[in-house]
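>>> Just to be clear, the model below is a prediction. Sequence and coordinates:
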Amino acid sequence: MATKVRSYLAEKINWSQGSDPSFPYKANLNGDKLVIRINDFPDENLYTLIVNGEELTDFDDWPRQWVR
């Protein structure tokens, strides 16, 4: 699982604007549906990466290679 997380965080991903403020970004990568959820920061990490409906990882800093 950790390798999969690192793979997504290292990949260049072009995100598009979502319609739900709680899930503001979405993307497709190699057939996978990716969604970013905004969490209750600072009590939780700022973002959660969700891949194909599964919460994959939480993070605070937007990866440099991701394009919003």
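Nice, I can see it.
>>> So what touches the helix or strand of the chain with the lowest mean pLDDT?
The helix or strand of the chain with the lowest confidence, counting by mean pLDDT, DSSP states H and E, is helix 2-10 at a mean of 81. Contact partners of helix 2-10, identified using CB atoms under 8 Å, 6 or more residues apart in numbering, comprise 29, 34, 49, 51, 56-57, 59, 63, 65. Where C-beta positions appear, they are placed from N, C-alpha and C, glycine not excepted.
>>> So the residue located most distally from the centre of the chain, which state does it fall into?
Among residues of the chain, the one most distant from the C-alpha centroid is Asp43; the distance is 18.4 Å, by CA atoms, centre = their mean. Asp43 carries the three-state label coil when classified by DSSP: H, G, I helix; E, B strand; the rest coil.
>>> Against Asp58, how distant is it?
To Asp58, Asp43 is 12 Å away according to CB to CB, to the nearest Å.
>>> so how far is Ala10 from the residue nearest the centre of the chain?
Residue closest to the mean C-alpha point of the chain, counted by CA atoms, centre = their mean, is Leu49 at 3.2 Å. Here the criterion is CB to CB. By it, Leu49 lies 12 Å from Ala10.
>>> before we move on, what about Leu29?
For Leu29 relative to Ala10 (CB to CB), the value is 12 Å.
>>> So for these two, which sits in the more crowded spot?
Regarding Leu29 and Ala10, a neighbour count based on other CB atoms under 10 Å identifies Leu29 as having more, with 14 against 11.
>>> so where's this structure uncertain?
Counting by pLDDT under 70, the chain contains low-confidence ranges at 1-3.
>>> show me the contacts for Gln17.
Contact analysis of Gln17 by CB under 8 Å, 6+ apart lists 24-25.
>>> helix or strand right after the host helix or strand of it?
Secondary-structure assignment from DSSP states H and E places Gln17 in strand 16-20. Scanning the chain past strand 16-20 towards its C-terminal end, the next helix or strand to appear is strand 23-29 (assignment: DSSP H and E).
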